[in-house]
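Novice: A predicted structure for the sequence below; I have some questions about it.
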Amino acid sequence: MKRGKKYLDAVKAYDKTQQYDTAEAISLVKKASVAKFDETIEAHIRTGCDGRHADQQIRGAVVLPHGTGKTVRVLVFAKNEKLDEAKAAGADFVGGDELIPKIQNDGWFDFDVVVATPDMMGVVGRLGRVLGPKGLMPNPKAGTVTMDVTKAVQDIKAGKIEYRLDKANIIHVPVGKASFTEEQLSDNFHALMDAIIKARPSAVKGQYLKSVTLASTMGPGVKVNPTKLAN
């Protein structure tokens, strides 16, 4: 892959083989964010889990203190008074059965997170084949299957993000934007890492955090020393 001059200059600014303290890594990633748009800063966490085993799966959610810098559109599946509650909480879209054909047949996906009350999961389950692959299926562990739709919507709007293992046992999550201050990015990153460390499955033996890398959308990855995070 051919890299641009700005990317190559950013790579020269640090040692790719070195593992940095969090503060230094964040500073380097911000300096490497030179695109003409406000790049997203992401954390890529390679774990010692084996996701093929149910007792080594990781899935959860955490509210980032300063949000993600992105406006999140929330769809709530509910009925009766819970529809009004969801609207009052700030949900962008609310509904029930009538939304199934719109998503299934018309390919409507103008939302980023789906919340459902438990009594609507029978309806939402019919969308498993289309929502599942996009990572949009509501899940109790992520707090998106709940009767407390007010809290669910408000948390998501405030910067709640979901984390889960991919097939390579890596967690990929945004921790903010390049326009954030270093302090804001640090607060968000530490909140995320605290949640992931607490979520360590007891079945995992050996090193839990294999590697932690921070990178902006268009910039190179900077390694964070995982041993200092796990303590």
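Specialist: Yep, that arrived.
Novice: from now on I want contacts and neighbour counts done on CA atoms only, so please keep to that.
Specialist: OK.
Novice: list the buried residues in the top helix by length along the chain.
Specialist: The residue-count maximum for a helix in the chain (DSSP state H) belongs to helix 182-198. By 16 or more other CA atoms under 10 Å, the buried positions in helix 182-198 come out as 182, 184, 185, 186, 188, 189, 190, 191, 192, 193, 196.
Novice: next helix or strand past the helix or strand in which residue 211 is found?
Specialist: Assessed by DSSP states H and E, residue 211 sits inside strand 209-216. For strand 209-216, the following helix or strand on the C-terminal side (DSSP H and E) is strand 222-224.
Novice: check which helices and strands whatever helix or strand comes next after that following strand sits against.
Specialist: Counting by DSSP H and E, the next helix or strand C-terminal to strand 222-224 is helix 226-230. Here helix 226-230 touches strand 209-216, going by 3 or more CA pairs under 8 Å, 6 or more residues apart in numbering; DSSP states H and E.
Novice: the strand it packs on pairs with which strands, parallel or anti?
Specialist: Paired strands of strand 209-216, with direction, are strand 40-47 (antiparallel), strand 222-224 (antiparallel) (DSSP bridges).
Novice: now render the ones you listed as JSON lines, adding distance to residue 157.
Specialist: Shown next, in JSON lines, are those (distance: least, CA to CA, whole Å):
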{"stretch": "strand 40-47", "distance to residue 157": "17"}
{"stretch": "strand 222-224", "distance to residue 157": "28"}
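Novice: which of the ones you listed is buried the deepest?
Specialist: Counting by mean count of other CA atoms under 10 Å, strand 222-224 has the highest mean neighbour count of these, with a mean of 25.
Novice: strands of the chain, start to end?
Specialist: In the chain, the segments counted as strands under DSSP state E are 40-47, 59-63, 74-77, 93-95, 113-116, 160-164, 170-177, 209-216, 222-224.
Novice: can you lay out those as JSON lines showing distance to residue 148?
Specialist: Putting the strands of the chain into JSON lines (distance: least, CA to CA, whole Å) gives the following:
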{"stretch": "strand 40-47", "distance to residue 148": "29"}
{"stretch": "strand 59-63", "distance to residue 148": "16"}
{"stretch": "strand 74-77", "distance to residue 148": "11"}
{"stretch": "strand 93-95", "distance to residue 148": "14"}
{"stretch": "strand 113-116", "distance to residue 148": "10"}
{"stretch": "strand 160-164", "distance to residue 148": "15"}
{"stretch": "strand 170-177", "distance to residue 148": "25"}
{"stretch": "strand 209-216", "distance to residue 148": "33"}
{"stretch": "strand 222-224", "distance to residue 148": "37"}
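Novice: for residue 22, find the nearest of the ones you listed.
Specialist: strand 222-224 (6.0 Å; CA to CA).
Novice: pLDDT weak spots in the protein?
Specialist: In the predicted model, the chain carries pLDDT under 70 at residues 1-15, 230-231.
Novice: mark out where each domain of it begins and ends.
Specialist: Each domain of the chain is listed here as a residue range: 5-67+160-230, 74-158, per automatic domain parsing.
Novice: re earlier: measure how the strand holding residue 211 sits relative to helix 182-198, angle-wise.
Specialist: 150 degrees (axes from the mean of the first three to the mean of the last three CA atoms, to 10 degrees).
Novice: how about strand 209-216: buried residues?
Specialist: Buried, per 16+ other CA under 10 Å, within strand 209-216: 209, 211, 212, 213, 214, 215, 216.
Novice: roughly how far apart are the closest residue to the fifth one other than its chain neighbours and residue 114?
Specialist: Just to be clear, that refers to residue 214. Once flanking residues are discounted, residue 214 sits nearest to residue 43: 4.7 Å by CA to CA, 6 or more residues apart in numbering. Using CA to CA, to the nearest Å, one gets 23 Å for the distance from residue 43 to residue 114.
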